[in-house]
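1. got a structure for you, letters missing:
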């Protein structure tokens, strides 16, 4: 074994075994070596694009996946701003949307690019991200049928930390107990011959340890939801969120529905969003459309935790009381409840209350699937005069964030449906930071 290999193995062992806090870790540390000939082994990798892939537990929903994206977008941004030439060329590959647990469309093999839902130029203005099809365009050679990812790390929580509650930033790479099979969003032409398991606790930026020590061009982190936000609630957190804008098609559909069915428009509602998120300014004077927005998560939440969520009659009372307080008579409802529950809710509401739902046309569903419907529902709730959501729902959390970006007062945003008069806690308030 030559000197180069000995040094490389030694450094890998040190990196894997040591516990390191992100705040104490130098992202720009150099991990390149020279062979006896003096040739720098980093020179070639500095010139080539490198790619980070990530995957998420199949059971996780649409809105949690959006949150995982932000954790890895912040990692990609840190790498791009690094002084280490070995890290600057990484691009984050956006995993296409596949059939999710809550989605109902029939073609489970169809893969949907991020551009169907989000403004890709806006995402790229924050971090070096690309769609999967862009990766294929860059890297697939004529006649190539299979993509072999150089390194795969299957991330797992530290069970010991979960049991003890004594958390620290730490990672440990080892061979898997049993052969791990990767299934990257239903792609049959993506595989790897190098799969390792990694126990992990800490922010996504802690993965810089792996990236710095590796010379691989393609690296996949499976179960990426295990990684945490590098920071939470600060300006970087919110900058990443502000850059995650919906695409123009989503806004056109939502705005047309608002004008036609909810007497709402940006001008009338005092909502002024800049064309580029970089130009947004802090504000708290948005008034919103003349309607109440309600997100009522029902199916799995109500079945799994019925004592924590209100009956339909209780929901109707809270809606009626809020409408009376606001002097309004229209409520927009976003819900996963069956039509029978919506009809029952309408029955319990006073006769003068107008209940509005977004019912997408067939061609909209065929093109945008359930993800498009979810985004329209969120946009309509986000523009309401007042919003009431469902506690512990990431769907509601994303609406909270959108209303913060639009500039609504906190008291008009952070409200949830109460199980009863004696069981009602206001959700945590995370104010936007610029």
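-> Structure received. Remember, it's a predicted structure, so these values are computed and weren't measured experimentally.
2. please make it C-alpha for all contacts and neighbour counts, starting now.
-> Fine.
3. from residue 97, how far out is residue 233?
-> 26 Å (C-alpha to C-alpha, to the nearest Å).
4. cool, and residue 251?
-> 20 Å.
5. how does the chain divide into domains?
-> Annotated domains of the chain cover 3-235, 246-412 [automatic domain parsing].
6. go through those and name the closest to residue 424.
-> Nearest to residue 424, of all the domains of the chain, is domain 246-412, at 9.3 Å by C-alpha to C-alpha.
7. now do the closest one, average pLDDT.
-> Mean per-residue pLDDT for domain 246-412: 94.
8. what about that domain, how long is it end to end?
-> 22 Å.
9. so where does residue 166 fall, helix or strand?
-> Using DSSP states H and E, residue 166 falls within no helix or strand.
10. how many other residues sit next to the nearest residue to residue 274 once chain neighbours are set aside?
-> Distances taken as C-alpha to C-alpha, 6 or more residues apart in numbering place residue 280 nearest to residue 274, at 5.7 Å, with adjacent residues excluded. Using other C-alpha atoms under 10 Å, residue 280 has 15 neighbouring residues.
11. also residue 70?
-> Look at residue 70: counted by other C-alpha under 10 Å, it has 24 neighbours.
12. now swap in residue 340 and tell me
-> 9.
13. distance of it relative to residue 98?
-> From residue 340 to residue 98 the distance is 29 Å (C-alpha to C-alpha).
14. now the helices for the protein?
-> 3-17, 42-47, 62-80, 120-124, 132-139, 159-164, 208-213, 235-243, 248-261, 299-304, 312-326, 339-348, 362-382, 394-406 (DSSP state H).
15. need those in CSV (columns: distance to residue 187).
-> Converted to CSV, the helices of the chain look like this (distance: least, C-alpha to C-alpha, whole Å):
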stretch, distance to residue 187
helix 3-17, 30
helix 42-47, 27
helix 62-80, 18
helix 120-124, 22
helix 132-139, 11
helix 159-164, 30
helix 208-213, 24
helix 235-243, 28
helix 248-261, 27
helix 299-304, 29
helix 312-326, 42
helix 339-348, 35
helix 362-382, 19
helix 394-406, 27
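16. tell me which residues touch residue 48, please.
-> 89, 217 (C-alpha atoms under 8 Å, 6 or more residues apart in numbering).
17. okay, it: pLDDT?
-> 87.
18. contacts for stretch 137-152 next, please.
-> Contacts of stretch 137-152 (C-alpha under 8 Å, 6+ apart): 189-196, 216-222.
19. before we move on, back to that, higher neighbour count, residue 233 and residue 97?
-> Legend: neighbour count by other C-alpha under 10 Å for residue 233 and residue 97, higher for residue 97 (17 against 13).
20. surely residue 98 is in contact with residue 104?
-> No. Counting by C-alpha atoms under 8 Å, residue 98 does not reach residue 104; the two are 11.6 Å apart.
21. give me the more crowded residue out of the two.
-> residue 98 (20 against 11).
22. how far away is the closest residue in space to residue 114 that isn't next to it in sequence from residue 59?
-> Sequence neighbours aside, residue 96 is the residue nearest to residue 114 in space, at 6.3 Å (criterion: C-alpha to C-alpha, 6+ apart). According to C-alpha to C-alpha, residue 96 stands 15 Å off from residue 59.
23. burial check on residue 162, number of neighbours?
-> 11.
24. contacting residues around it?
-> Counted by C-alpha under 8 Å, 6+ apart, residue 162 has zero contacts.
25. about what we covered before: dump the domains of the chain to a markdown table, plus distance to residue 421.
-> Below are the domains of the chain laid out as a markdown table (distance: least, C-alpha to C-alpha, whole Å):
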| stretch | distance to residue 421 |
| --- | --- |
| domain 3-235 | 29 |
| domain 246-412 | 9 |
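26. looking at the ones you listed, which is nearest to residue 419?
-> Per C-alpha to C-alpha, nearest to residue 419 of those: domain 246-412, 4.0 Å.
27. need the pLDDT of residue 24.
-> pLDDT, residue 24: 29.
28. apologies, that question was intended for residue 163.
-> pLDDT recorded at residue 163 is 86.
29. cool, residue 5 as well?
-> At residue 5, pLDDT is 39.
30. residue 16 now?
-> So, for residue 16, pLDDT stands at 29.
31. for the residue sitting nearest the centre point of the chain, give its distance to residue 97.
-> Centroid-nearest residue in the chain: residue 66, 1.4 Å away (criterion: C-alpha atoms, centre = their mean). As judged by C-alpha to C-alpha, residue 66 and residue 97 stand 11 Å apart.
32. repeat that for residue 358.
-> For residue 358 relative to residue 97 (C-alpha to C-alpha), the value is 22 Å.
33. ok, now residue 263?
-> 33 Å.
34. just residue 243 next, same as before
-> Where residue 97 is concerned, residue 243 sits at a distance of 19 Å (C-alpha to C-alpha).
35. which residues sit in contact with the residue nearest to residue 73 when sequence neighbours are not counted?
-> Distance criterion C-alpha to C-alpha, 6+ apart; nearest residue to residue 73, sequence neighbours excluded, is residue 127 at 5.9 Å. Residue 127 sits next to 73, 74, 76, 77, 80 when contact means C-alpha under 8 Å, 6+ apart.
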